[in-house]
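# here is a sequence together with a model predicted from it:
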Amino acid sequence: MTIVDVRPAEEHERDAVRRLIELYAYDFSEFNGTEIGDDGRYGYRYFDAYWTEPERHPFLFRVNGHLAGFALVRAGDPHDMAEFFVMRKYRRSGVGIDAAHTVFARFPGAWQTRQQFANAGAPPFWRRAIPVPFDESNNEEGPVQRFVMP
């Protein structure tokens, strides 16, 4: 039985989130063409803000006690799933959907999820993961789903 645990990332877990973001950025470079820096890292421009700005919320996912991914949420109107990552070994197993449901439930109200056109697997995932009726449109980068969590 797979147990997905989703919790806010604490200060002492900051380095774990940073390392997972590197894996995420590596995977995502296939779609956006980002080059790795001379220091061997992709980096994430808003990383420190998730520990200093009250509207930004980092989460870690664990499966049976093992790190499995993260979410970065910007709370507001609407709440925004800024980044969402599930490690490859846990994909297509329900981990992502369970994690998304848990994160959405923490922030009642209006939400949006956004994807890039080049990431063809993302829109079908979000269409399955959003647990309530939603509207979908496209912006210049790709699909956007908008919905309200009770």
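Now that the structure is in, tell me what you want to look at. Numbering: from 1, shown residues only.
# just name the shakiest helix or strand of this protein by mean pLDDT.
helix 14-32 (a mean of 92; mean pLDDT, DSSP states H and E).
# roughly how far out does that helix sit from the chain middle?
Helix 14-32 sits 11 Å away from the centroid of its parent chain (Cα atoms, centre = their mean, to the nearest Å).
# ok, stretch 26-43 next?
On Cα atoms, centre = their mean, the centre of stretch 26-43 falls 17 Å from that of its chain.
# can you give me the buried ones in that stretch?
By neighbour count on 16 or more other Cβ atoms under 10 Å, the buried set for stretch 26-43 is 28, 31, 42. Where you see a C-beta, it was placed from the backbone N, CA and C, and this is true even at glycine.
# so what's the first one up against?
Taking Cβ atoms under 8 Å, 6 or more residues apart in numbering as the contact definition, residue 28 lies against 34, 119.
# how near is it to residue 106?
24 Å (Cβ to Cβ, to the nearest Å).
# okay, residue 7: pLDDT?
pLDDT recorded at residue 7 is 97.
# contacting residues around it?
Applying Cβ under 8 Å, 6+ apart to residue 7 gives the contacts 59, 60, 62.
# mind checking which helix or strand the spatially most central residue of the chain is in?
Taking Cα atoms, centre = their mean as the criterion, residue 84 is the residue nearest the geometric centre of the chain, at 1.3 Å. Using DSSP states H and E, residue 84 sits within strand 79-86.
# can you give me the buried ones in that strand?
For strand 79-86, burial by neighbour count (16+ other Cβ under 10 Å) applies to 79, 80, 81, 82, 83, 84, 85, 86.
# ok, the closest residue to residue 117 other than its chain neighbours - contacts?
Nearest residue to residue 117 in three dimensions, chain neighbours excluded: residue 142, at 4.3 Å (Cβ to Cβ, 6 or more residues apart in numbering). Contact partners of residue 142, counting by Cβ under 8 Å, 6+ apart, are 114, 115, 116, 117, 118, 119, 122, 123.
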